[in-house]
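Participant: sequence unknown, structure follows:
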Ligand code: M6R
């Protein structure tokens with residue numbers, strides 16, 4: 001939710017930290033702040049976007065030249081998005097500054113205890129407790145160096161905290177050192193030469209180093225210019241997992257596009273191709289990325305649950321159709337935030353597929369942990385190397401989409417679809433319900449998809465023009481059947497989150513059971529029509545549904561397959577997508593809906609990349 005960055009090295013830290021925050025701003029943008037150790041402790045923080053902080057710093061005489069610093073960009077949980085609640089928070093004695101991502105669940109108790117001891121709080125945040133506690137622990141912390149004492153004090157604080165947290169701290173008496181800690185919240189180390197970094201994700205330091213170290217659960221890390229020291233919360237030495245970042249800084253730049261979202265929509269053909277790359281070995285077997293499961297484990301699977309949130313959940317809904325069709329194993333899709341609370345029936349023959357772009361979504365992580373406690377096998381589909389969900393899973397398939405910066409998911413969705421198809425095919429192959437040549441035939445169809453997505457992108461101008469016309473609509477409805485139903489839901493989600501318009505997706509057959517009452521004269525209804533080939537019956541049913549809404553005054557916006565003339569008489573606006581196998585159609589039909597939402601939001605004057613109230617990665621439950 002919040003973006004966190006820390007630097008220890010020989011260069012002035014302020015600009016490095018601000019640059020890192022710029023790259024992390026998609027994680028939260030309610031307020032921002034920095035703390036630099038420069039003999040004293042320089043701090044600055046402002047409500048609003050990072051630009052407000054940068055403006056305040058420009059107005060400040062004599063900027064800090066200190067070479068150790070931390071910075072934060074916030075998505076508010078405890079306390080509104082104000083200057084006083086912005087991070088960093090300083091201890092009462094002014095010695096330490098702390099930034100935090102997550103929620104300290106026992107903060108009310110800790111705050112009462114600290115206030116009873118005479119400490120006055122300067123904010124409404126849970127984080128401030130950690131700053132005061134750290135200063136208290138420092139008074140008695142033992143260690144050979146000031147940095148070691150800061151790390152020792154941090155461990156003592158962490159042992160008292162409940163909930164989810166990433167904490168970074170600097171101490172005026174430990175210049176050259178940043179100490180970090182993590183529980184259930186992301187933190188990675190960037191290993192430089194004569195300098196080191198800490199951050200919520202690698203994009204913060206990618207411009208300086210592509211060598212990273214993934215931290216484990218409940219670990220404390222100390223970085224200085226030349227050292228990285230990792231321990232658990234009790235001081236026992238621990239190791240991180242080193243990894244190389246296989247994309248460069250340009251991947252996290254807008255590269256001439258007005259918005260990251262537009263760039264990421266345009267990158268989809270490449271992202272799909274990358275996710276497919278090298279998936280078939282010389283025997284024609286499908287390859288995942290990390291597999292800590294045997295083929296026998298997969299043969300024993302008698303039920304699949306897919307858990308995910310938001311857009312990732314919609315990709316799971318598509319996967320259900322493919323997995324059941326190809327494997328004949330029952331497959332359920334669950335919102336991760338609901339999964340563990342309804343006590344699902346799980347055992348070691350259940351495969352739980354957790355889908356997450358960030359790999360840090362707390363709802364999905366908690367669903368995964370619940371599944372593991374019940375002995376289920378867990379397979380992650382994830383876009384972020386070094387994140388928690390793949391680390392805690394039994395097998396991983398990475399979507400190689402590159403960094404997704406816009407809050408609204410686009411290329412992550414398409415690559416999650418591809419990954420889901422691959423998982424379905426892998427299961428089918430291992431279980432012997434599909435021969436290698438049958439799998440290869442579907443993989444060959446998948447290999448054609450980047451070209452088809454490219455064709456759709458080339459045909460988007462009429463969608464852009466229509467978007468301008470729809471910008472003032474009060475409400476937009478989306479309908480679809482079979483795999484087009486999740487596409488309708490995804491189209492509606494995009495419009496809600498970006499354009500702040502009422503939008504709803506429906507299974508087209510459900511309209512007559514209630515929602516059709518919403519249709520008024522001129523109500524735009526986006527209809528995603530299945531192919532007339534293959535399961536033709538679905539096509540005809542949706543065409544009837546389109547006639548039903550049109551008869552009640554709807555303005556119909558139809559996405560149909562090239563050559564589908566039957567639907568034309570009922571379409572006020574008709575957009576064709578290339579001919580595609582039924583199960584793979586969401587890879588092309590979703591793209592016009594992404595463009596539509598992006599353009600409507602832009603026409604309404606909204607910040608497409610950073611919609612209000614949202615953050616890219618939701619690391620609280
Ligand atoms: O990182 P994740 O894929 O786990 O995120 C899940 C959702 O928060 C995410 O898909 C969200 O719905 C999208 N940003 C919407 O565009």
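Facilitator: Yep, that arrived. Quantities reported herein were computed from a predicted structural model and do not represent experimental measurements.
Participant: for whichever residue of the stretch 501-621 of the chain sits closest to the ligand, what are its contacts?
Facilitator: Proximity of the stretch 501-621 of the chain to the ligand (C-beta to the nearest ligand atom) peaks at residue 618, 5.0 Å away. C-beta here means a position set from N, CA and C on the backbone, and glycine is covered the same way. Residue 618 makes contact with 1, 309, 361-363, according to C-beta atoms under 8 Å, 6 or more residues apart in numbering.
Participant: residues in the protein within reach of the ligand, list them.
Facilitator: Taking C-beta under 6 Å from any ligand atom as the contact definition, the chain meets the ligand at 309-312, 356-358, 361, 364, 407-409, 493, 497, 617-618.
Participant: Out of the residues you listed, which comes closest to residue 345?
Facilitator: residue 364 (19.6 Å; C-beta to C-beta).
Participant: Counting by contacts, list what the longest helix anywhere in the chain packs against.
Facilitator: Longest helix of the chain, by residue count under DSSP state H: helix 411-430. For helix 411-430, the packing partners by 3 or more C-beta pairs under 8 Å, 6 or more residues apart in numbering; DSSP states H and E come out as helix 268-276, helix 295-299, helix 310-327, strand 350-356, strand 377-382, strand 395-398, helix 436-447, helix 586-603.
Participant: The fifth one pairs with which strands, parallel or anti?
Facilitator: In other words, strand 377-382. If you go by DSSP bridges, strand 377-382 pairs up with strand 350-356 (parallel), strand 395-398 (parallel).
Participant: got the contact list for the shortest one?
Facilitator: With contact meaning C-beta under 8 Å, 6+ apart, strand 395-398 is reached by 275, 288-293, 377-383, 385, 390, 419, 422-423.
Participant: how does it look with 6 Å?
Facilitator: The contact list for strand 395-398 (C-beta atoms under 6 Å, 6 or more residues apart in numbering) reads 288-291, 293, 379-381, 390, 419.
Participant: How about stretch 43-63?
Facilitator: Contacts of stretch 43-63 (C-beta under 6 Å, 6+ apart): 21, 25, 29, 31-35, 81-83, 86, 88, 97.
Participant: Swap in 8 Å and give it another go.
Facilitator: 14, 18, 21-22, 25, 29-36, 72-73, 81-83, 85-88, 90, 97, 610.
Participant: Same check on stretch 286-301?
Facilitator: Against stretch 286-301 from outside (C-beta under 8 Å, 6+ apart): 278-281, 329, 348-351, 377, 379, 390, 394-398, 422-423, 425-427, 429-431, 439, 443.
Participant: that older thread, buried only: go through the contacts of residue 618 for me.
Facilitator: Buried subset of the contacts of residue 618 (neighbour count, 16 or more other C-beta atoms under 10 Å): 1, 309, 361-363.
Participant: Look through the protein and state the residue closest to the ligand.
Facilitator: Nearest to the ligand in the chain, going by C-beta to the nearest ligand atom, is residue 310, at a distance of 1.8 Å.
Participant: mind checking how far that residue is from residue 317?
Facilitator: The spacing between residue 310 and residue 317, counted by C-beta to C-beta, to the nearest Å, is 12 Å.
Participant: Equivalent analysis for residue 354, please.
Facilitator: From residue 354 across to residue 317, the span is 15 Å (C-beta to C-beta).
Participant: ok, now residue 434?
Facilitator: 22 Å.
Participant: just to revisit the earlier point, state the three-state secondary structure for the closest residue to the residue of the chain closest to the ligand other than its chain neighbours.
Facilitator: Of all residues not flanking residue 310 in the chain, residue 493 sits nearest, at 6.7 Å (C-beta to C-beta, 6 or more residues apart in numbering). The three-state assignment at residue 493 reads helix, by DSSP: H, G, I helix; E, B strand; the rest coil.
Participant: and the helix or strand of the chain with the lowest mean pLDDT, how far from the chain's centre?
Facilitator: Ranked by mean pLDDT, DSSP states H and E, the helix or strand of the chain with the weakest confidence is strand 290-291, at a mean of 81. Distance, stretch centre to chain centre, for strand 290-291: 21 Å (C-alpha atoms, centre = their mean, to the nearest Å).
Participant: Take the contacts of residue 618 and lay them out in a markdown table including pLDDT, secondary structure and distance to residue 461.
Facilitator: Below are the contacts of residue 618 laid out as a markdown table (pLDDT from 0 to 100; DSSP: H, G, I helix; E, B strand; the rest coil; distance: C-beta to C-beta, whole Å):
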| residue | pLDDT | secondary structure | distance to residue 461 |
| --- | --- | --- | --- |
| 1 | 73 | coil | 37 |
| 309 | 98 | coil | 33 |
| 361 | 94 | coil | 35 |
| 362 | 93 | helix | 40 |
| 363 | 95 | helix | 38 |
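Participant: Just the strands from the stretch 101-250 of the chain, written as ranges.
Facilitator: Using DSSP state E, counting those that start in this stretch, the strands of the stretch 101-250 of the chain run over 163-171, 178-183, 188-191, 196-199, 211-214, 219-223, 228-232, 241-244.
Participant: now, of those strands, which is deepest in the fold?
Facilitator: Of all the strands of the stretch 101-250 of the chain, strand 196-199 carries the top mean neighbour count, a mean of 28, counting by mean count of other C-beta atoms under 10 Å.
Participant: That strand - which strands sit beside it in the sheet, and in what orientation?
Facilitator: When DSSP bridges is applied, strand 196-199 pairs with strand 3-8 (antiparallel), strand 188-191 (antiparallel).
Participant: Next secondary structure after the first one?
Facilitator: Same thing as strand 3-8. Once strand 3-8 ends, the next helix or strand along the chain (criterion: DSSP states H and E) is helix 13-24.
Participant: Doesn't residue 305 belong to a helix?
Facilitator: No. Using three-state DSSP, the assignment for residue 305 is strand, not a helix.
Participant: Identify the bridge partners of it.
Facilitator: In beta-bridge terms (that is, DSSP bridges), residue 305 pairs with residue 332, residue 352.
Participant: so how many other residues sit close to it?
Facilitator: 24 (other C-beta atoms under 10 Å).
Participant: I'd say it and residue 344 touch.
Facilitator: Yes. Counting by C-beta atoms under 8 Å, residue 305 touches residue 344, with 6.7 Å between them.
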